[in-house]
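**Q** structure, please.
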Amino acid sequence: MQKLIISSDKYRFCLKGMKRQILKYWDEPDLRFKVLAFSPHDLPDCGLFSHVLVGENFSDETPWHQALSAFFEKQEEDYFFLCFEDHFLIDNVNTELFHKAEENMRLDKSISKIRLLPKYHDHQNLEEHDE
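**A** Here you go, the predicted model:
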């Protein structure tokens, strides 16, 4: 499953912190993220991120759906993880939940999105959808 980080020009400085949090809390072999951005800018020095420009004439003023629609329409993968550069991880990532979420979506085509929430929202978990 590809992993995407949306990065605005205004908050791209947060990518350095995001990198630290990912390296601390996300234990997965060959982990890579595509950083979707409006303009080219330096990424933190690591093999964790690759840069994807979402198109010309877009900026932080562009509504997100307009800027990202063209990117998502060209994607071949059915499932992806999406986050913003300023939404830092606060605990270890349970990668088993990613696989379970993907399996649930594959088996039930009526599910278009699953939000994997922090532990303090544990009343909303994947087990509720297992039926």
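**Q** could you pull out the strands for the protein?
**A** Counting by DSSP state E, the chain has strands at residues 2-7, 33-37, 49-53, 80-84.
**Q** as a markdown table, these with mean pLDDT, mean neighbour count and distance to residue 21 would be great.
**A** Where you see a C-beta, it was placed from the backbone N, CA and C, and this is true even at glycine. A markdown table is the format used below for the strands of the chain (pLDDT from 0 to 100; neighbours: other Cβ atoms under 10 Å; distance: least, Cβ to Cβ, whole Å):
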| stretch | mean pLDDT | mean neighbour count | distance to residue 21 |
| --- | --- | --- | --- |
| strand 2-7 | 90 | 20 | 11 |
| strand 33-37 | 90 | 20 | 12 |
| strand 49-53 | 86 | 14 | 13 |
| strand 80-84 | 89 | 14 | 11 |
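**Q** can you give me the buried ones in the worst-scoring helix or strand of the chain on mean pLDDT?
**A** Lowest by mean pLDDT, DSSP states H and E among the helices and strands of the chain is helix 64-73, with a mean of 80. Buried residues in helix 64-73, counted by 16 or more other Cβ atoms under 10 Å: 67-68, 71.
**Q** tell me the helices and strands packed up against that helix.
**A** Helix 64-73 is packed against no helix or strand, with contacts defined by 3 or more Cβ pairs under 8 Å, 6 or more residues apart in numbering; DSSP states H and E.
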